[in-house]
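**Q** I'd like to go over a predicted model; first the sequence, then the structure.
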Amino acid sequence: MAAAAVSVTVLGVINVAVAALQAALVATTVVVGAELVFVPILITYQFERQPAQFDTDEAIARLASELKFDASA
């Protein structure tokens with residue numbers, strides 16, 4: 001009778017371990033699936049939102065004017 005109780009306990013532990021592994025597999029699948037959907041969307045959005053050339057030129061001109069060496073000082 002004691003052997004049967006130990007066997008049932010071992011089977012219960014195995015069932016819990018299998019359930020935990022299944023939950024981890026499902027969670028991993030959800031995360032990977034979300035990445036497969038959202039990463040390409042975010043990359044596409046990033047490249048579509050590039051600043052205009054005018055904005056880039058203006059920013060460079062501002063930086064150059066701020067960093068100019070003032071010989072009179």
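**A** Thanks, I have the structure now. Residues are numbered from 1 along each chain as shown.
**Q** show the subsequent helix or strand relative to the strand or helix carrying residue 29.
**A** Element membership for residue 29 (DSSP states H and E) is helix 2-48. Note on helix 2-48: by DSSP H and E, the next helix or strand toward the C-terminus is helix 53-66.
**Q** run through the chain and note the low-pLDDT ranges.
**A** 1-6, 50-54, 69-73 (pLDDT under 70).
**Q** now with 80?
**A** Along the chain, segments meeting pLDDT under 80 span 1-8, 46-56, 68-73.
**Q** now residue 56: how far from residue 63?
**A** Counting by C-beta to C-beta, to the nearest Å, the separation of residue 56 from residue 63 is 11 Å. The C-beta positions use only the backbone N, C-alpha and C, and glycine is treated the same way.
**Q** my error: substitute residue 11 in the last question.
**A** Separation of residue 11 from residue 63 (C-beta to C-beta) stands at 70 Å.
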